[in-house]
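Participant: Return atomic coordinates for the entry below.
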Amino acid sequence: MMVLRDRLRDAGLRLLREPAVRAHPGRGSLRLRGLTDRATVRRDDRGVPWVAADDERDLYFAVGFAQASDRLWQMDVLRRRARGRLAEVLGKPVLPEDVRARRLALDRVARRSLHLLDPESYGCLVAFSDGVNAAIRRLRRRAGLPVEFLLLRYRPDPWTPLDSVLIVKHLGFDLGTNLRQEIFRTRLTEERPGHAVSFFAPRYPADGAVTIRHRGQSGVPRQDHRDVLAPAPSAALSEESRAWLRGLLGGETFPGSNAWAISGRLTRSGAPLLANDPHVLFTQPSIWYQMGLRLSAGTTAYGITVPGLPGLIAGSNTQLAWGITNATVDTQDLCLLEGRAARPTWSQESVISVRGGEDVQVSAAGGDRHVEFDVPGPGDSSRFGLFWSGFIPSTEITSCLRMWRAESYPRFRTALRDFGVPVLNVVVATADDVIALKTAGNVPRRRPGSGLSPAPFDDVAESWQELLTFDELPETVNPTEGYVISANHKLVPDDARVQVGADWVAPYRAERIERLILGSGLITAEQCARWQNDVADGRAARVLPALLAALDARPPTDPLARAGHRLLSEWDGYARADQPAPLIFFRLVQALVERWVSEPLGTDLAASMPDLTLQLDHLILHEEARRELGETEPLPVVVSDALCRAIETIATEHGADPEGWRYDAVHRIDDRHPIGNALPALRGLFGGETTPVAGSGHSVCLMTPDRSGAAIEGAPWRFVAEVGPAEPILRDVLRHGSSGLPGSVHYDDQTQDHATGQMYLNSLAGPSVDARTVLTLLRSRWSPG
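Facilitator: Residues are numbered from 1 along each chain as shown. Just a heads-up that it's a prediction; the model follows:
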């Protein structure tokens with residue numbers, strides 16, 4: 001009876017989503033206000049829009065129309081997040097996120113950035129907004145707004161150019177990584193000062209990979225972190241501040257990516273190759289949106305953007321392909337707001353409307369390049385401020401509009417000059433066999449050793465007096481190796497001319513990619529596609545020998561633990577889904593974290609450690625580090641005990657037969673629609689299945705797990721381009737699909753291919769001209785002109 005009732009409920013719910021699917025404009029012609037002439041939207045077999053027009057503004061009008069037709073609710077959520085208006089429709093659970101957005105006052109810098117746009121870029125942004133609003137009006141007339149609006153009982157406001165700029169700024173803040181490091185170090189010195197010597201300093205391996213390897217003449221001497229990492233003066237965080245900061249802390253999840261470019265002299269075809277798989281938290285729909293663009297008298301390109309943004313942020317045109325990774329440079333600094341110079345130069349008040357609750361008033365204040373975000377509690381005189389490169393007005397929207405039209409590296413490089421946030425490493429391969437990496441964005445000209453933990457306002461402000469010039473930012477063109485790799489690891493050597501940070505992601509992915517390149521002879525695009533799905537665990541390659549040596553020195557006595565020891569000894573280091581060894585390694589590492597990190601620091605503080613991997617691996621590999629921590633037992637005893645605890649956990653969860661243990665019993669993607677996740681009764685409305693996956697947080701096929709083992713972060717989009725003198729050969733796949741409309745055939749049609757490592761071939765010619773898949777947008781007869 002219950003099964004039948006559930007089926008009837010799900011069938012009824014599915015009827016709610018049909019009006020939006022039927023209202024989706026897929027073919028025919030429409031006359032719309034805002035066009036100067038006409039544009040076409042062709043859909044390929046995956047429902048991906050290929051937009052073409054003679055006029056640039058008509059092109060972006062059609063882009064806005066297509067995006068809103070496919071992803072309107074997602075676009076609305078993204079702008080509400082940036083504006084601090086989620087609680088209006090989602091209620092109290094999202095209030096902390098709204099408070100954070102209001103205190104960051106992104107609308108302030110977004111308005112200033114909007115005023116900096118040149119007339120051409122601003123006109124394109126207006127045209128994009130007009131296209132979005134044309135789609136909203138059409139969907140409302142046809143009672144076809146996405147089902148989420150129906151369930152939450154609200155309608156979207158008109159889209160504005162400011163909304164697009166705000167989305168970029170908020171994404172830039174999300175990609176910043178150093179703030180979490182500074183907050184952790186502040187809490188460490190306040191709550192566990194005795195362990196600062198163990199966990200305060202960055203632990204990037206001395207022999208770890210470096211992105212740009214050449215060493216220039218530097219006026220910045222190499223720093224000894226034992227000298228520059230002295231804890232800052234203690235400043236207690238108020239409870240209100242802690243509540244807000246907790247929203248910034250999620251443990252070790254770094255928004256990152258892989259990108260590499262290989263010169264034609266190393267490829268089988270003689271054409272350069274580019275591969276890119278940007279890493280983000282898995283969501284349904286994905287944050288990425290595939291799109292083709294064509295100007296009749298200009299360039300054709302294909303790639304991805306974020307819903308709400310015109311242009312492309314990664315992709316390829318006929319002469320050039322480019323990919324992006326998070327540069328992970330230091331663009332965020334905490335300061336203590338003390339002294340006359342720290343007084344705010346602006347302030348603003350706002351009120352958050354909370355659905356089902358009382359309104360909340362929020363105060364924001366700051367200076368030219370910082371905001372206040374700590375509200376002191378009773379008896380607490382300390383106040384904190386945040387400097388961030390995103391508080392400096394910038395016009396990265398212009399870069400998104402220009403990158404896809406640049407057909408040589410010098411022109412592409414010029415297009416990057418407008419970037420402010422996020423700060424990206426952009427990897428490029430061109431048809432004339434140029435490969436390059438260029439860092440783009442606002443990076444402070446910081447003084448040596450700064451930015452590791454909060455410092456007095458005057459000290460921090462000194463590093464923010466000016467930014468590095470575009471030409472000073474890291475860059476490499478046609479390196480002698482014949483390839484360039486960017487995987488969020490250390491960007492420049494210690495003697496580089498400029499200092500850009502000290503906190504980096506572990507180099508394990510980068511090192512694996514390099515081994516694959518060096519061991520493969522002449523390289524093909526098909527190999528690059530396979531490498532994006534490579535599941536060799538780079539962390540295991542570095543620390544497993546030490547762990548096995550310890551276990552060999554003191555084998556566990558428990559029979560199940562002995563079986564676990566044997567399985568680890570036989571393991572080849574590949575995190576395959578159907579194998580037990582990756583699960584054992586995962587739980588063994590967790591047991592060591594519990595002993596060396598959680599027990600001395602406390603669970604809450606330990607969970608907020610951003611560089612947990614490097615800190616733990618340093619402890620595994622260095623006896624001196626274990627002594628400093630206070631570990632009195634030899635490593636073999638510790639590891640043997642940790643393995644016993646890990647095996648006990650596995651046996652409790654999966655039974656006492658090792659033959660039945662599988663990594664994918666826990667390692668699965670469950671990125672259901674947010675409403676379906678929040679309200680399980682509505683899951684039948686939104687669909688989506690749990691996907692067992694291989695890989696790990698340290699494989700090229702990145703699948704970062706949470707504490708339970710579920711994969712929460714990875715690469716929804718994978719892309720490989722072979723850029724030869726003829727038309728480039730493009731391959732890509734996007735988890736889920738192009739549509740954000742539950743019930744659409746393109747809502748989840750790419751997921752299985754993504755899970756199995758398959759990719760689709762693309763031609764810049766786009767889909768064939770077929771009246772069944774072409775939507776023609778025409779200027780309304782009532783439009784002026």
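
Participant: where exactly do the strands run in the stretch 201-350 of the chain?
Facilitator: 257-262, 273-278, 280-281, 289-295, 300-305, 314-317, 320-326, 332-336, 346-352 (DSSP state E, counting those that start in this stretch).

Participant: Relative to the whole chain's centre, how far out is the first one?
Facilitator: This points to strand 257-262. 15 Å (C-alpha atoms, centre = their mean, to the nearest Å).

Participant: same check, this time on the fifth one
Facilitator: Averaging C-alpha positions (C-alpha atoms, centre = their mean) puts strand 300-305 19 Å from its chain's average.

Participant: other SSEs contacting it?
Facilitator: strand 289-295, strand 314-317, strand 717-722 (3 or more C-beta pairs under 8 Å, 6 or more residues apart in numbering; DSSP states H and E). C-beta here means a position set from N, CA and C on the backbone, and glycine is covered the same way.

Participant: List of residues touching the shortest one?
Facilitator: So the one you mean is strand 314-317. 274, 276, 278, 299-304, 321-324, 404-407, 719, 721, 723, 728, 730, 764 (C-beta atoms under 8 Å, 6 or more residues apart in numbering).

Participant: can you tell me which residues contact residue 369?
Facilitator: With C-beta under 8 Å, 6+ apart, residue 369 has these contacts: 387, 388, 391, 392, 464.

Participant: Narrow those to those in strands?
Facilitator: If you go by DSSP state E, these have 387, 388 in strands.

Participant: Redo the contacts of residue 369 as CSV? Include neighbour count.
Facilitator: Formatted as CSV, the contacts of residue 369 follow (neighbours: other C-beta atoms under 10 Å):
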residue, neighbour count
387, 26
388, 25
391, 26
392, 19
464, 22
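
Participant: Ends of stretch 755-765, what's the gap?
Facilitator: The first and last residues of stretch 755-765 sit 27 Å apart, counting by C-alpha to C-alpha, to the nearest Å.

Participant: do the same with stretch 145-154
Facilitator: By C-alpha to C-alpha, the extent of stretch 145-154 from end to end equals 10 Å.

Participant: pull the helix or strand with minimum mean pLDDT from this protein.
Facilitator: Lowest on mean pLDDT, DSSP states H and E among the helices and strands of the chain sits helix 225-228, with a mean of 33.

Participant: Give me the three-state assignment for residue 40.
Facilitator: strand (DSSP: H, G, I helix; E, B strand; the rest coil).

Participant: I'd say it and residue 63 touch.
Facilitator: No - using C-beta atoms under 8 Å as the test, residue 40 is too far from residue 63 to be in contact (11.9 Å).

Participant: picking that back up, got the strands of the stretch 201-350 of the chain as TSV, with mean neighbour count and distance to residue 81 columns?
Facilitator: Formatted as TSV, the strands of the stretch 201-350 of the chain follow (neighbours: other C-beta atoms under 10 Å; distance: least, C-beta to C-beta, whole Å):
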stretch	mean neighbour count	distance to residue 81
strand 257-262	27	21
strand 273-278	28	19
strand 280-281	19	13
strand 289-295	25	16
strand 300-305	24	17
strand 314-317	28	22
strand 320-326	28	19
strand 332-336	25	19
strand 346-352	14	13
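
Participant: Nearest to residue 197, out of those?
Facilitator: strand 332-336 (20.9 Å; C-beta to C-beta).

Participant: and that closest one, what does it pack onto?
Facilitator: Counting contacts by 3+ C-beta pairs under 8 Å, 6+ apart, strand 332-336 is packed against helix 178-191, strand 384-388, strand 455-456, helix 457-463.

Participant: and among those, the most buried is which?
Facilitator: strand 384-388 (a mean of 25; mean count of other C-beta atoms under 10 Å).

Participant: roughly how far is that strand from the heart of the chain?
Facilitator: Taking mean C-alpha positions (C-alpha atoms, centre = their mean), strand 384-388 and its chain are 22 Å apart.

Participant: same for that strand, what does it pack against?
Facilitator: Using 3+ C-beta pairs under 8 Å, 6+ apart: strand 384-388 touches strand 332-336, strand 370-372, helix 457-463.

Participant: Checking my notes, residue 778 in a helix, right?
Facilitator: No - Residue 778 sits outside any helix when classified using three-state DSSP, being strand.

Participant: thinking it is in contact with residue 35, fair?
Facilitator: Yes - counting by C-beta under 8 Å, residue 778 touches residue 35, with 6.7 Å between them.

Participant: coming back round to it: pick out whichever of residue 40 and residue 63 has more residues nearby.
Facilitator: residue 63 (28 against 20; other C-beta atoms under 10 Å).

Participant: Among the contacts of residue 369, which one lies nearest to residue 95?
Facilitator: residue 388 (22.3 Å).

Participant: Not counting residues beside it along the chain, what's closest to the closest one?
Facilitator: Leaving out its chain neighbours, the residue that sits closest to residue 388 by C-beta to C-beta, 6 or more residues apart in numbering is residue 332, at 5.0 Å.

Participant: what's near enough to touch the one you found?
Facilitator: Residue 332 touches 176, 177, 178, 179, 182, 386, 387, 388, 389, counting by C-beta under 8 Å, 6+ apart.

Participant: Which pLDDT does the model give it?
Facilitator: According to the prediction, residue 332 has pLDDT 95.

Participant: what does the one 5 residues further on give?
Facilitator: Note on residue 337: pLDDT of 91.

Participant: Pull the number of nearby residues for it.
Facilitator: With neighbours defined by other C-beta under 10 Å, the count for residue 337 comes to 21.

Participant: That one contacts residue 384, correct?
Facilitator: Yes - between residue 337 and residue 384 there is a contact under C-beta under 8 Å: 6.5 Å.

Participant: For beta bridges, what are the partners of residue 426?
Facilitator: residue 324, residue 438 (DSSP bridges).
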